[in-house]
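Undergrad: sharing a sequence plus its predicted fold:
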Amino acid sequence: MAQIGYNETVMDHFMNPRNVGVIENPDGYGKVGNPVCGDLMEIFINVKDERISDIKFRTFGCGSAIAVSSMVTEMAKGKSLDEAAKITRDDVAGELGGLPPQKLHCSNLGADALHAAIKDYWVKTGKISPKEAEAEEGAQEEEQEGE
Ligand code: FES
């Protein structure tokens, strides 16, 4: 039943998610909730030489959200913070080979949680102010409502 509309890559990342877990005292931490369904995703990163040296996630959400979390952590691992910050929700959905249209909102969480974790690190290290972190977050929101 869970396979309806999901391709093999999505199923693989859902059944065998990569980078599941928590990093104690992470360098950066992001938590986002999905306003559409109320699901929750957390991403933890450690940073070394301005690169994501370790990344883990914890997601209370649907199968797509888990697959998205797994994929986004794989995509971000080892990347520089600047590169990882450019990963978009479309990139994640694309790497997964697409998601069913009614599940596309689930892929927002991955990129948003990753960006939140990176910004948390940047705020902690003084690269950006908390205000700047919030401003950019708002600009990313493109929820399709009323469908
Ligand atoms: Fe909630 Fe997918 S239904 S994240």
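TA: Yes, it's here. Numbering: from 1, shown residues only.

Undergrad: poorly predicted segments of this structure, please.
TA: Along the chain, the model assigns pLDDT under 70 to residues 1-4, 136-147.

Undergrad: for it, just list every one of the strands.
TA: Applying DSSP state E to the chain gives strands spanning 28-33, 40-48, 51-60.

Undergrad: so which of these is the most packed in?
TA: strand 40-48 (a mean of 21; mean count of other C-beta atoms under 10 Å). Backbone N, C-alpha and C define where each C-beta goes, glycine included.

Undergrad: which helices and strands sit right next to that strand?
TA: Applying 3 or more C-beta pairs under 8 Å, 6 or more residues apart in numbering; DSSP states H and E, one finds that strand 40-48 contacts strand 28-33, strand 51-60, helix 63-76, helix 106-124.

Undergrad: 6 Å instead?
TA: The contact analysis (3 or more C-beta pairs under 6 Å, 6 or more residues apart in numbering; DSSP states H and E) places strand 40-48 against strand 28-33, strand 51-60, helix 106-124.

Undergrad: any idea how far Ser70 is from the ligand?
TA: 13 Å (C-beta to the nearest ligand atom, to the nearest Å).

Undergrad: Lys79 too?
TA: 24 Å.

Undergrad: contacts only, for that residue.
TA: By C-beta atoms under 6 Å, 6 or more residues apart in numbering, the contact list for Lys79 reads Ile52.

Undergrad: returning to that earlier point: so for the ligand, which of the helices and strands packed on strand 40-48 sits nearest?
TA: Comparing the helices and strands packed on strand 40-48 against the ligand with C-beta to the nearest ligand atom, the closest turns out to be helix 106-124 (3.2 Å).

Undergrad: in the closest one, what's buried?
TA: Within helix 106-124, the residues scored as buried using 16 or more other C-beta atoms under 10 Å are 106-123.

Undergrad: what do you get for stretch 89-102?
TA: So stretch 89-102, judged by 16+ other C-beta under 10 Å, has buried residues 89, 91-93, 95-96, 98-99.
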